[in-house]
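[1] Fold the following for me, if possible:
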Amino acid sequence: MTLKRDERVASEKYMVPVVKSTFKILTELSKGGSLGLNEVTLRTGVSKSTVFRILATLTSLGFVVRDSDRNYYVSHTLAGLVSDAAGSEALRRAALPHMLRLRNQFGETVNLGHLQLDKVTYIEVVPSEYALRLHERPGATVDLHASALGKAILAFGPTEVAESLIRGRELPMFTRNTITDPDEFMAELRRVRERGYALDRGETSLLATCVAAPILDAQGTAIAALSISGPASRFNPRANSPVVESLLLATAEISRQFCPRAAGRSQPDRTVTKRSGRKR
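    Below you'll find the model as predicted:
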């Protein structure tokens, strides 16, 4: 504990106060809507004169816009600084240590995916070391309605997004277990949100089973999901199993690392009950 405290003190020693204040201001503005000078000052705890100078500078550079009501909001120029590729790479780096740990703990393939258009795209895959294994590759895609990754992302996203992607289109049937009825699928998303994780029990392939949990932003919205998948013959995740518990802990930690303000805000219920001593 002392070492961590000393490290924190050392890092704070080299902080540039105005840079720290600038990012406090941008953090508040990025939450959406527009804020006046007094509201930014109140939310950030930065002095009003400093807030005014920083906002004036950001406005002059085109990163913040001041509207006719003298409120400020983030411009598209600032939003465009971070490309999708850069965001995916940052997420991959944050998730990879946890993915390796999960693979080593359970021996099965671990996948990181995010929503792209109407599919889930794999950002990173850590394959199982078993001879018999499931193995996708980064860049490959999978259907939302037939994957645990897709369910986890949609369940913790805006309902209108899920509705727009599921209703009014045909949901292909890959196996007899694939959910192809929109109403049934929306009910499944509600169950996923209640328990905090999603399952794919032979919905893409009868030979495969998968469990996934969302990675959340500060508003509790899924920006991606992490899954563990394996052959149905040996992989059987269920409620309160070590697999589910470890996956939920990993995604909670990634959420905190990738978006620190996500901690404690709109997280899925990650409470687990005490297990019996039986092995998975």
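[2] K151 sits in which helix or strand?
    Applying DSSP states H and E as the criterion places K151 in helix 148-155.
[3] got the buried residues for whichever helix or strand comes after that helix?
    Later in the chain than helix 148-155, the nearest helix or strand by DSSP H and E is helix 159-166. By 16 or more other Cβ atoms under 10 Å, the buried positions in helix 159-166 come out as 162, 165-166. For glycine as for every other residue, the C-beta is placed from the backbone atoms N, C-alpha and C.
[4] Which of the helices or strands spans the residue of the chain most remote from its centre?
    For the chain, the residue at maximal distance from the C-alpha centroid (Cα atoms, centre = their mean) is S49, at 36.2 Å. S49 belongs to helix 48-61 when assigned by DSSP H and E.
[5] what's the following helix or strand after that helix?
    With DSSP H and E, the next secondary element past helix 48-61 is strand 64-66.
[6] which residues touch the helix or strand just after that following strand?
    Next helix or strand after strand 64-66 toward the C-terminus (DSSP H and E): strand 71-74. Applying Cβ atoms under 8 Å, 6 or more residues apart in numbering, the contact partners of strand 71-74 are 26, 29-30, 33-37, 40, 55, 59, 63-67.
[7] In the sheet, which strands lie alongside strand 71-74, parallel or antiparallel?
    strand 35-36 (antiparallel), strand 64-66 (antiparallel) (DSSP bridges).
[8] mind checking how far the residue farthest from the centre of the chain is from L226?
    44 Å (Cβ to Cβ, to the nearest Å).
[9] ranges for the helices of the chain?
    Secondary structure of the chain (DSSP state H): helices located at 2-13, 17-29, 37-44, 48-61, 76-79, 84-106, 148-155, 159-166, 182-195, 242-258.
[10] out of the ones you listed, which comes closest to V120?
    helix 148-155 (4.7 Å; Cβ to Cβ).
[11] tell me what that closest one is packed against?
    strand 109-116, strand 119-126, strand 141-143, helix 159-166, helix 182-195, strand 198-201, strand 208-216, strand 222-231 (3 or more Cβ pairs under 8 Å, 6 or more residues apart in numbering; DSSP states H and E).
[12] Kindly reformat those as CSV containing distance to T251.
    Shown next, in CSV, are the helices and strands packed on helix 148-155 (distance: least, Cβ to Cβ, whole Å):
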stretch, distance to T251
strand 109-116, 10
strand 119-126, 14
strand 141-143, 18
helix 159-166, 19
helix 182-195, 13
strand 198-201, 11
strand 208-216, 4
strand 222-231, 5
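[13] Which one of these lies nearest to L248?
    L248 sits nearest to strand 208-216 of all those, at 5.4 Å, using Cβ to Cβ.
[14] That closest one pairs with which strands, parallel or anti?
    Looking at strand 208-216 with DSSP bridges, its partner strands are strand 198-201 (antiparallel), strand 222-231 (antiparallel).
[15] Which of these sits closest to R93?
    strand 222-231 (12.7 Å).
[16] between the closest one and helix 242-258, how big is the angle?
    Between strand 222-231 and helix 242-258, the angle comes out at 150 degrees (axes from the mean of the first three to the mean of the last three Cα atoms, to 10 degrees).
[17] quick one, strand 222-231 and helix 84-106 angle?
    40 degrees.
[18] Alpha carbons of strand 222-231, as PDB, please.
    In PDB, the C-alpha atoms belonging to strand 222-231 read as follows (Å, rounded to 0.1, in the frame of the first residue of the first chain):
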ATOM      1  CA  ALA A 222     -21.600  -1.300 -23.600                       C
ATOM      2  CA  ILE A 223     -18.700  -0.200 -25.800                       C
ATOM      3  CA  ALA A 224     -17.600  -3.800 -26.300                       C
ATOM      4  CA  ALA A 225     -17.800  -7.300 -24.800                       C
ATOM      5  CA  LEU A 226     -15.500 -10.100 -23.700                       C
ATOM      6  CA  SER A 227     -16.300 -13.700 -24.100                       C
ATOM      7  CA  ILE A 228     -15.000 -17.200 -23.300                       C
ATOM      8  CA  SER A 229     -15.900 -19.900 -25.800                       C
ATOM      9  CA  GLY A 230     -15.200 -23.600 -26.100                       C
ATOM     10  CA  PRO A 231     -16.500 -26.900 -27.400                       C
END
